[in-house]
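[1] Prediction below, plus the sequence it came from.
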Amino acid sequence: MARDSLIGGALWEEYSTEVQRRMNTPVHMGEITQEEADATGDKLIIADFGAESCGDAVRLYWLIDPKNDTIQKSKFKSFGCGTAIASSDMMAELCMGKSVDEALKITNIDVEKALRDTPDVPAVPGQKMHCSVMAYDVIKKAASMYKGVDMSEFETEFIICECARVSQDTLREVIKLNGLTTVEEVTDYTKAGGFCKSCIKPGGHEVRDVFIVDILADVMREVEAEKASKKIIEARGNGDFKSMGLVQKIKSVESILEEYIRPTLKADNGDVELMDIVEEGEVFNVLVKYKGECISCSMNTTTTLAGIEDMLKFKLKAPIKVIVT
Amino acid sequence: MRVYLDNNATTKIDPLVKVKMQPFFEELYGNPNSLHAYGMEVRPHLNEALGAVYDALNIPDEDDVLITSCATESNNSVLKGVFFKHILTNPDKNHIVTTAVEHPSVLETLLFLEEHGVRVTFVDVDENGGVSAQAVKDAVTDQTILISMMWANNETGMIFPVAEVAKFAREKGILFHTDAVQAIGKLPVDLKKVRVDYLTLSAHKFHGPKGIGALYVRKGCELPNLFHGGEQMGGKRAGTLNVPYIVGMGLAIRQAVNHVEVMNTQVRALRDELEDALAKIPDTFIVGPRHMRTPNTILLSIRGVEGEAMLWDLNRAGIAASTGSACASESLHANPVMSAIGQDPELAHTAIRLSLSRFTTLEEVEYTIEVFTKAVERLRSISSTYGYKG
Amino acid sequence: MEIYLDNNATTMVDPKVVEAMVPFFGQMYGNPNSLHKFGTQTHAALTKAVDQVYKALNAADADDVIFTSCATESNNWVLKSVWLDHIMHGHKNHIVVSEVEHPSVLTTCRFLEEQGVKVTYLPVNDQGIVEAHTVKSFITDRTALVSIMWANNETGMIFPIKEIGEICREKGVLFHTDAVQAVGKIPVDLQAVHVDFLSFSAHKFHGPKGIGGLYIRNSQALSPLLHGGEHMGGRRSGTLNVPYIVGMGLAMELATQNMSATSAKIRALRDRLEDALLQLPDVFVVGNRANRTPNTLLISIRGVEGEGMLWDLNNAHIGASTGSACASEDLEANTVMLAIGADSELAHTGIRLSLSRFTTEAEVDAVIDAFKKAVGRLRAISSSYAKVQPTHS
């Protein structure tokens, strides 16, 4: 919303009490040593994600019981702002007691929801949602280390918006189905791009290959191309023009006028109205009436008329003659 | 007695507004863009003030209200923004339609843009100082990108056909801007009913502080910034926010909107009383039919009496009035609106503008009538062009 | 105790300034361009304010000092009007700026690039300043304007304006300096340095927010940014903001009179703070103290993210900054830290503390205490300061 963006809210006041509490006194902050792991016979995993140069870095410590893959103890350390510290703390808490596979299902969205004071009010302002993404990534990192596989094994889809976890496939589908044309609409429908905004277009705080604007432009091009070919097919009807009923014929002619003729005429403040279609031997007489500036235009019986006639003949593949009434 | 009848030039600050602003200098002085508590604590007040402007104009949240330093900035932003965004990129659409009696911040900017290849049509006013919607429509061509027409004129108070021209512009796909500086607080300004793309307003014309204004921008009509820089105003108008004045403008516009009815009843009645009395002086001439004017304004021409001399006499008696836009007061040119109306050139130098406010009293009006009548007598007795018969 | 150490972002209005402004909201509300008494009674105060500003900058009578709504307006004005006057229709096509200018210069330059103007963004050295010879080597015969700030808002580092001014004069190129962080903090003498245009802003020296100015040497030509009317000799239109102009005049006088004594006092407090914080391990202060504005300290704390640090300071009722307030919500790395080529890990750890003449010794000592506590707590949380490191990555 435009009005909201003009002054905006105070960033820190939009933090939930839970976020503030965990920033001020994180519960699961700390380290786990190899000695501790040796004493219990559990496996120690220490996973790092992020880097100080990116502004956020988190380290996750897990103590896992190898018999049932269950996380016995989970601690974190973090270089980051208040939201990063609070979400790391919540993430460590959510891991506790879960199996590694269950922990893998925890997303940044779960972390954010767990930090809410009331179910419908977000725990952090949009631009801070990004800070909880690392909490999700570091779990994957830890799990991959435990399982001895590459992190990419857990990637099943190509995520465009990491804050809202929206994939490229979902975006393409929603844009197409709903005929979306602006980034705002995409955000309204999918939430993608509604948080830290770095996935919308180049220039955000992350380097990426594909942005929402690229996907939107691509799908819109696709949709346009499909529409154009569909219109012509529709206009021609199932059979040829000659075998159509009158209503069908009028519809076909009308659709060609609307698509190809009127935009040009309207640009000069003119218009054309379809009056009737009369069969005369082999030829179909299309009766039209000029409106607006077209009435007095010197070309209305020459260039314009020929243009309309050609367009109808070629698009409908029928012997058509246009007559001005 | 001191009487201020120059409220179309500037107004006194509503005492409530003055009180409201004070804490924001020494106590709540943080930069609202800072994260810490000093920044945080001023934000609710800014949001409230901005909300007051949204309410006053009756506009949806999706539209923008950019806080500016004055109406001049707002007007420059629209005209230069349209030049940067539309005309520089598409020279085929390089025509702007405006009226001959716009505020200098519109006229001077357009003269400057003419030097950069923009074509401008200045539509003339009729003998009443009004502008017909038809004249504006006739001036439009295929190349027209923008129409800029004020809501009400500062000199005459004449109300222009904004609703009709706005509708026409919308149908033609032409951008429409209105300088509503003289309309806010005097007339109902409801943008749900009158669909404009850009609207300019200025706080000091409705008892707010000088040095703060706003520009309304309809969603989808965004323009390049006149002030590029930081992220203030959603990145659309940079510059550290003038917190006390924004808060002041918020309260002032609420007060102004709440007093529109008072303006159109009580203030109008006072204005009419003043006007009736002055019209009785022989050889005076009032510009524009009363019902087509803002309720607080009279522009009056007194044959044989030079405007500045009249101001002098009024000033000696403690009355503040104007011969023309205060912006031009020191230039002492003929009143440009009088010239534009096409009046008898002798009358062009004889105009006096009296503009009331909701703080004007009956006593002040009666005193003004008395002083005014005497001043005309005195000056006509000196005048070389008027054989005074009284 | 509430302690404000964010005076490079904005300052408290000096109570004396408030007192001077108040009458112009109430009794003396006329439009100064009106002929009647309501208008003319403001003239004496406006004239005084103009005198105060000329004196503070040591501007010559032949120069223009035009009041604007803020330094952002002044900066936009110079850049856009040089574009319209000299580049759009002339043979010049090039502007030189530093990469650490205020966003109002940098964003305007990016807009001008879209319009086809060539812009060179000069790098800074490890001290965070642009060297004069760098400026010299980038000026070509198609350069219309050089715009380099007098002192940097983040680091407080002072740029070699006198030398750059001389270079521009020799090369016949217009020179603009954004002196927002210099005016009121260090001597600015416009008869001793050659600048064509200079921007300043009242709210950085205990004047009100929403008023600034542009100095124009020898009243030379520059198309207005705000056209209309005949305000300010036709150079900048808009009804005069009388109370703020009066306030800015006084604020400037207060900031520049006895400057050497005042800045010595501020410098002593800043140095006390800086020395104490430098005792912490793994911290690093940007720029040589001698060449910095006396009130500024940009300190980097290894292992502690800047916003986290601000949070803890705010809980201790201390207002500080991680970067320019304009950019506070962007949450980006401190651009100046990146520009000076600091260890990229440190780019997110900058905290700026900026004092004013109202800062007291007791406040400084309280900040030292709170600062050390915050660093201790946040380093205990920090992954980069952890004792137990991963065995493999």
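    Good, I have the coordinates.

[2] what does the model give the closest residue to C:F197 other than its chain neighbours for pLDDT?
    Once flanking residues are discounted, C:F197 sits nearest to C:H176: 4.0 Å by C-beta to C-beta, 6 or more residues apart in numbering or on different chains. Where you see a C-beta, it was placed from the backbone N, CA and C, and this is true even at glycine. On pLDDT, C:H176 comes in at 98.

[3] Which helix or strand contains A:K73?
    strand A:70-79 (DSSP states H and E).

[4] Around chain B, pick out the residues from the stretch 151-300 of chain C.
    Residues of the stretch 151-300 of chain C found near chain B (C-beta under 8 Å from any C-beta of the partner chain) are C:201, C:203, C:208-211, C:223-231, C:237-244.

[5] rerun at 10 Å
    Counting by C-beta under 10 Å from any C-beta of the partner chain, the residues of the stretch 151-300 of chain C close to chain B are C:201-204, C:206-212, C:223-231, C:234, C:236-245, C:247.

[6] Which members of those residues occur in strands, if any?
    Judged by DSSP state E, strands contain the following of these: C:S201, C:G212.

[7] Mind checking which of the residues of the stretch 151-300 of chain C next to chain B are buried?
    C:201-204, C:206-212, C:223-231, C:236-245, C:247 (16 or more other C-beta atoms under 10 Å in any protein chain shown).

[8] is it true that C:E19 lies in a strand?
    No - assessed with DSSP: H, G, I helix; E, B strand; the rest coil, C:E19 is helix; it does not lie in a strand.

[9] quick one on the thing from earlier: next, the buried residues of the helix or strand that the strand holding A:K73 is followed by.
    Remark: after strand A:70-79, the chain's next helix or strand is helix A:82-95, criterion DSSP H and E. Within helix A:82-95, the residues that count as buried by 16+ other C-beta under 10 Å are A:82-95.

[10] Report the contact partners of B:Q255.
    Residues in contact with B:Q255 (C-beta atoms under 10 Å, 6 or more residues apart in numbering or on different chains) are B:D14, B:L16, B:V17, B:A52, B:G185, B:F206, B:H207, B:G208, B:R358.

[11] what about whichever strand or helix holds it, average pLDDT?
    According to DSSP H and E, B:Q255 maps onto helix B:243-258. Average pLDDT, helix B:243-258: 97.

[12] Could you check it and say which residues are buried?
    B:243-257.

[13] Which parts of the chain are strands?
    Unless you meant another one, I'm taking chain A. A:43-51, A:56-65, A:70-79, A:159-161, A:166-167, A:270-280, A:283-292, A:320-324.

[14] please go with chain B instead
    Using DSSP E, strands in chain B cover B:3-4, B:64-68, B:95-99, B:119-123, B:144-148, B:175-179, B:198-202, B:213-217, B:284-286, B:297-302, B:319-320, B:351-355.

[15] okay, those in JSON lines with mean neighbour count and distance to A:A114 next?
    Shown next, in JSON lines, are the strands of chain B (neighbours: other C-beta atoms under 10 Å in any protein chain shown; distance: least, C-beta to C-beta, whole Å):
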{"stretch": "strand B:3-4", "mean neighbour count": "23", "distance to A:A114": "62"}
{"stretch": "strand B:64-68", "mean neighbour count": "26", "distance to A:A114": "36"}
{"stretch": "strand B:95-99", "mean neighbour count": "25", "distance to A:A114": "57"}
{"stretch": "strand B:119-123", "mean neighbour count": "18", "distance to A:A114": "61"}
{"stretch": "strand B:144-148", "mean neighbour count": "24", "distance to A:A114": "52"}
{"stretch": "strand B:175-179", "mean neighbour count": "27", "distance to A:A114": "49"}
{"stretch": "strand B:198-202", "mean neighbour count": "29", "distance to A:A114": "46"}
{"stretch": "strand B:213-217", "mean neighbour count": "27", "distance to A:A114": "40"}
{"stretch": "strand B:284-286", "mean neighbour count": "16", "distance to A:A114": "73"}
{"stretch": "strand B:297-302", "mean neighbour count": "25", "distance to A:A114": "63"}
{"stretch": "strand B:319-320", "mean neighbour count": "24", "distance to A:A114": "66"}
{"stretch": "strand B:351-355", "mean neighbour count": "27", "distance to A:A114": "62"}
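
[16] Out of those strands, flag the one nearest chain A.
    Chain A lies closest to strand B:64-68 among the strands of chain B, at 4.7 Å (C-beta to the nearest C-beta).

[17] just for chain C, where's the confidence low?
    Within chain C, the stretches with pLDDT under 70 are C:229-231, C:233, C:323-335, C:338, C:341-345, C:391-393.

[18] longest helix anywhere in it?
    helix C:361-381 (DSSP state H).

[19] Name the residues of that one that come out as buried.
    C:363-364, C:366-368, C:370-371, C:374-375, C:377-379, C:381.

[20] now swap in stretch A:111-121 and tell me
    A:V111, A:E112, A:A114, A:L115, A:R116.
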